[in-house]
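Engineer: Got a sequence here, can you model it:
(chains A, B and C)
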Amino acid sequence: MLMYSIQEIAEDLGVAFAGDPSLMVHGVSEPKDAGPNDLALAAAPRFLADLAIGQAHAAVVAEGTDWRAHGLNAAIFVGRAKLAMASLTKRFDSRHRSALPDIHPTAFVDHSATVGPDCAIGAFGFIGAGAVVGGGARIGAHVSIGENAQIGANATLFDGVRIMPDVRIGNNFMAHPGVVIGGDGFSFATAATSTVENVRKSLGDQGDAAAQTQIRVHSLGSVRIGNDVEIGSNSCVDRGTIRDTVIGDGCKFDNLVQVGHNVQIGRDCLICAQVGIAGSSVIGRNVVLGGQTGVSDNKIVGDNVITGGATKVLANVPSGSVVLGYPAVKMADQLKINRSLRRLPKAMSDIANLKKAVSNDQKNT
Amino acid sequence: MLMYSIQEIAEDLGVAFAGDPSLMVHGVSEPKDAGPNDLALAAAPRFLADLAIGQAHAAVVAEGTDWRAHGLNAAIFVGRAKLAMASLTKRFDSRHRSALPDIHPTAFVDHSATVGPDCAIGAFGFIGAGAVVGGGARIGAHVSIGENAQIGANATLFDGVRIMPDVRIGNNFMAHPGVVIGGDGFSFATAATSTVENVRKSLGDQGDAAAQTQIRVHSLGSVRIGNDVEIGSNSCVDRGTIRDTVIGDGCKFDNLVQVGHNVQIGRDCLICAQVGIAGSSVIGRNVVLGGQTGVSDNKIVGDNVITGGATKVLANVPSGSVVLGYPAVKMADQLKINRSLRRLPKAMSDIANLKKAVSNDQKNT
Amino acid sequence: MLMYSIQEIAEDLGVAFAGDPSLMVHGVSEPKDAGPNDLALAAAPRFLADLAIGQAHAAVVAEGTDWRAHGLNAAIFVGRAKLAMASLTKRFDSRHRSALPDIHPTAFVDHSATVGPDCAIGAFGFIGAGAVVGGGARIGAHVSIGENAQIGANATLFDGVRIMPDVRIGNNFMAHPGVVIGGDGFSFATAATSTVENVRKSLGDQGDAAAQTQIRVHSLGSVRIGNDVEIGSNSCVDRGTIRDTVIGDGCKFDNLVQVGHNVQIGRDCLICAQVGIAGSSVIGRNVVLGGQTGVSDNKIVGDNVITGGATKVLANVPSGSVVLGYPAVKMADQLKINRSLRRLPKAMSDIANLKKAVSNDQKNT
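Structural biologist: Predicted structure coming up:
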């Protein structure tokens, strides 16, 4: 069991504390659920009252909090609660430390694959010919790593992750269960001009294109992922057509995200759950795409863009924009549109009345 | 092969029947596809004419139907067709009865795991150290159950399901292929105030926050699932940060659903396909979320709420509401807005004309 | 390594070429990334300038291009670039040719299953009792094929694909990692009239229906898939209730697509990423559903329909329509509505001003 003193934790966070420096805590919890050995997280003032419900003797509180009034023996003062949370939850996360690294007896590692030192490979893991896995990897059950794939140091691949052939990934990669990196792109051609091509030009008219069979464009490219990237459960990143799909350093993806072929994503982006980015689109640096955002194919989303939840990006978005809606417009504008929409049915009858009034007026004059 | 008499089925359904009580049927089908030994399902009047196309001698029909006119030898009368369908399809579902329960020779059960009586475990199944699986489980191929996970009696886990460590699940749990229960939450902190924090306050302005690295908040919580819960293929339920993500008794999820960290869902909810519920939101009891609904983080959706397809919930929703749209508003209001929208382009030119007319009028007077 | 002469490639494409017919190329690439042995793809005029950046001696260019001006030794002239791309990428795709077909020593094939000639089965593959796999199959790691499933010739099943029991699939099927074919449908009944039934009738009023337990409707049907179908990573196709869910010949699905129980899809449809089609809906032939499109249950989408990205289909769509929006309307109309929406907040104040002006006017007269 992991146990730390209040002093140790405060010093690690680089913040002040008060009370008993040697008080030991063995976990973190919400104030109302806290046991006597838990460090309660009560940095948000609304949680302070819950300290009386739980049994914590120590808590993380906002700077300036009168901690003694809440019956505590020790308090750690933080300015930025979520940052403290990142540090504390890392410290108390024992999940990947307990087991000694080893290769499960049921795992199969091809004789031509290279696995670095200090790696664990779970039950029924498969590592294909020529694949390279860096040192310190933690690989769950039923993971498959395809031929000639390369993964850097300290990877964490949870159960059922699929790293397809030739994919190249940097250090400290983390993929949650069911992630697929390097499935084929979705790209098809037709012998003659298709209805979709006509619609893209005409914005609504199919023209006279006949129904046609779809002819497959194969994916000769791969996927290239930088360092410190994390991908959520059951997300998919497709390989490129003749160049690689690229994900920059420090990107974090939530679950069920779709990244199409040839997409380029800059560094340090946050891609929330169920986002879809269609083929060949380019996403800048430090972009945040809210949950269920969609980005059409061949679009450019600039650096530092933020999209609100469920935004549908149908055109390029300039750097620094904050957008919302379907189609995406500036968030402030969309909020005004939304307010107007609520009053729209009434406005429609106002217009009808105005037309009558003006028409009568004109008749009368 | 499963075979039942008309009388047996009618008594099981608790409804009346007519004609030959001993007529045996060995399956159910749509009237037009029915073979001579099938029980045709013709409770909806539009299906009655199809009885002449198929070969059924017996059918389920609405009360009061003149069954003899359709050439049947027996008829079962139901008031509520779908309820009868539930009972009949259960009766004729032979899929999980045929095989004797057993542990496939390729499966690996850790010596410290506990597997109850009468369990089947499929090919290459993996059950980790300290895990507990209740009696009567039917576990498919390539399923992994993590360390110290606990699953109640009579679970059905189809191929490739991932139950991650420490997850706790009640009785009669059913998970379809590729389900992930207990992947890590998507939660990150930045050292200084981030652009997203600024946008949430300003509703549109990033402020002058610089680009920053995302620092991981670890998931120390787990997932707790009640009794009689069913989760559809490739759906994901993330573990909580310092408390558990919770799914109440009787909830049913369709495929590709995303449930974020810390989410609480009350009992008997229906969550349709591709719904996403972001972190820390609370969903009441008996809620129905239509397909592709999105719920933002930290929202409260009250008891008995119903959302129409693709509704995007960006604010709390009071109990008992029926909502639709992006953003969600009362369904009746959204339908009015939608009707108005169709006439909006015309209304815009009406407004322009009115402005001209009134302006001229004012000049003239 | 695959190497072809310019003449060979041009003849295969059925197009003209110029320059050195015997010049050999061993891959295709974008002009700027091209090595000296690559065939550069520069059919779009914007790529021509990049030929000077890369090292290609040969390129695919648009008809009429002055290829010598770009320092090339040979050029292949194409009218339809993407069609040429389909042919060229197929020719240079070596991924599934390198390995001799074989059954991995860790795979498990039930003694009652039938596997055709020339098949490869990957690590830890499982083929259940009575299943039939046609000749020439390429099956990845951790694939499971359920009891009595039937798959035609030349299937490609990538890692972790789940073909559930009794599913029937035609020739040349391709499924990317994590695909689930034949999970159970999402269908539940309640003992008495439910709130959802009331809302569907009233379009917004739950009535006085009480909260109820959901009773499962079992899936007795299966999934039937035609020839030449491709399904993207982690997509799900549910089995039918008492008939089969059906996908026609030549359909191509992108990743994370959801197809509900009983759905019927006609031939040669393109279903883009994250599309959801709810239970019992019918999709015609040659339909294109843009990314994140949603189709409500029990709807009919006619032949040759095209939906733009994120379209939500809440009502039937006539054949040949091009639609966009939530709810779906004709694309041309939606684009007009979108333009109007941007001016709506201003229009609302115009209306307010008009009301004042007219009201004053009426007072004055």
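Engineer: biggest helix in chain A, by residue count?
Structural biologist: When chain A is parsed with DSSP state H, its longest helix is helix A:344-364.
Engineer: Quick one: work out the angle between it and helix B:344-364.
Structural biologist: Relative orientation of helix A:344-364 and helix B:344-364, computed by axes from the mean of the first three to the mean of the last three CA atoms, to 10 degrees: 40 degrees.
Engineer: The closest residue in space to residue A:194 that isn't next to it in sequence is in what secondary structure piece?
Structural biologist: Sequence neighbours aside, residue A:209 is the residue nearest to residue A:194 in space, at 5.5 Å (criterion: CB to CB, 6 or more residues apart in numbering or on different chains). From N, CA and C alone the C-beta is placed, and that goes for glycine too. Counting by DSSP states H and E, no helix or strand carries residue A:209.
Engineer: What pLDDT is listed against residue A:1?
Structural biologist: Among the per-residue scores, residue A:1 shows a pLDDT of 69.
Engineer: just residue A:94 next, same as before
Structural biologist: Looking at residue A:94, its pLDDT is 80.
Engineer: burial measure for it, as a count.
Structural biologist: By other CB atoms under 10 Å in any protein chain shown, 11 other residues sit near residue A:94.
Engineer: For residue A:89, which residues are in contact?
Structural biologist: Each residue near residue A:89 by CB atoms under 8 Å, 6 or more residues apart in numbering or on different chains is listed here: A:28, B:217, B:218, B:219, B:220, B:241, B:242.
Engineer: Residue A:182 too?
Structural biologist: By CB under 8 Å, 6+ apart, the contact set of residue A:182 is A:146, A:149, A:162-167, A:222-223, A:237-239.
Engineer: which pair in these spans the largest distance?
Structural biologist: The largest distance within the contacts of residue A:182, taken as CB to CB, falls between A:149 and A:238 and amounts to 15.1 Å.
Engineer: Looking at those two, which one has more neighbours?
Structural biologist: residue A:238 (32 against 25).
Engineer: Which strand residues bridge that one?
Structural biologist: With DSSP bridges as the criterion, residue A:238 is bridged to residue A:183.
Engineer: So it is in contact with residue A:167, correct?
Structural biologist: No: counting by CB atoms under 8 Å, residue A:238 does not reach residue A:167; the two are 11.0 Å apart.
Engineer: where do the contact lists of the two overlap?
Structural biologist: The contact sets of residue A:238 and residue A:167 overlap at A:182, A:223 (CB under 8 Å, 6+ apart).
Engineer: I'd like the contacts of residue A:182 as TSV, with secondary structure and pLDDT appended.
Structural biologist: Formatted as TSV, the contacts of residue A:182 follow (DSSP: H, G, I helix; E, B strand; the rest coil; pLDDT from 0 to 100):
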residue	secondary structure	pLDDT
A:146	coil	97
A:149	coil	98
A:162	strand	98
A:163	strand	98
A:164	coil	98
A:165	coil	96
A:166	coil	97
A:167	coil	98
A:222	coil	97
A:223	strand	98
A:237	strand	98
A:238	strand	98
A:239	coil	97
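Engineer: tell me which of these is nearest to chain C?
Structural biologist: Among the contacts of residue A:182, residue A:162 lies closest to chain C (CB to the nearest CB), at 4.2 Å.
Engineer: List the contacts of the closest one.
Structural biologist: For residue A:162, the contact set (CB under 8 Å, 6+ apart) comprises A:143-144, A:146, A:178-183, C:158-160, C:177-178.
Engineer: Low-confidence ranges, chain A, go.
Structural biologist: The model of chain A has pLDDT under 70 over residues A:1, A:96-100, A:365.
Engineer: What residue spans form the domains of it?
Structural biologist: A:4-92, A:330-364 (automatic domain parsing).
Engineer: Could you single out the most deeply buried of those domains?
Structural biologist: domain A:4-92 (a mean of 19; mean count of other CB atoms under 10 Å in any protein chain shown).
Engineer: and that one, how far apart are its ends?
Structural biologist: 9 Å (CA to CA, to the nearest Å).
Engineer: Same check on stretch A:114-122?
Structural biologist: 16 Å.
Engineer: hmm, it touching chain C?
Structural biologist: No: judged by CB under 8 Å from any CB of the partner chain, stretch A:114-122 makes no contact with chain C; its nearest approach is 12.0 Å.
Engineer: residues making contact with that stretch?
Structural biologist: Contact with stretch A:114-122 is made by A:99-104, A:107, A:109, A:127, A:131-143, A:153, A:159, B:126, B:144, as judged by CB under 8 Å, 6+ apart.
Engineer: related to what we said a few turns ago, so which of the contacts of residue A:162 is the closest to residue B:305?
Structural biologist: Using CB to CB, residue A:178 comes nearest to residue B:305 of the contacts of residue A:162, at 29.4 Å.
Engineer: Contact partners for the closest one?
Structural biologist: A:159-162, A:233-234, B:160, B:162, B:178, B:180, B:234, B:236, C:160, C:178, C:234.
Engineer: interface residues of the stretch 51-200 of chain A facing chain C?
Structural biologist: Applying CB under 8 Å from any CB, we find that the stretch 51-200 of chain A lies next to chain C at A:108, A:124, A:126, A:128, A:142, A:144, A:146, A:160, A:162, A:164-165, A:178, A:180, A:183-184, A:186-192, A:195-196, A:199.
Engineer: distance between stretch A:52-66 and the chain's centre?
Structural biologist: The chain centre lies 32 Å from the centre of stretch A:52-66; the measure is CA atoms, centre = their mean, to the nearest Å.
Engineer: what's the answer for stretch A:322-332, then?
Structural biologist: Centre-to-centre, stretch A:322-332 and its host chain are 20 Å apart (CA atoms, centre = their mean).
Engineer: List the buried residues of it.
Structural biologist: Buried residues in stretch A:322-332, counted by 16 or more other CB atoms under 10 Å in any protein chain shown: A:322, A:323, A:324, A:325, A:326, A:327, A:328, A:329, A:331.
Engineer: Redo those as a markdown table? Include distance to residue C:342 and secondary structure.
Structural biologist: Formatted as a markdown table, the buried residues of stretch A:322-332 follow (distance: CB to CB, whole Å; DSSP: H, G, I helix; E, B strand; the rest coil):
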| residue | distance to residue C:342 | secondary structure |
| --- | --- | --- |
| A:322 | 16 | strand |
| A:323 | 13 | strand |
| A:324 | 13 | strand |
| A:325 | 10 | coil |
| A:326 | 13 | coil |
| A:327 | 10 | coil |
| A:328 | 12 | coil |
| A:329 | 7 | strand |
| A:331 | 14 | helix |
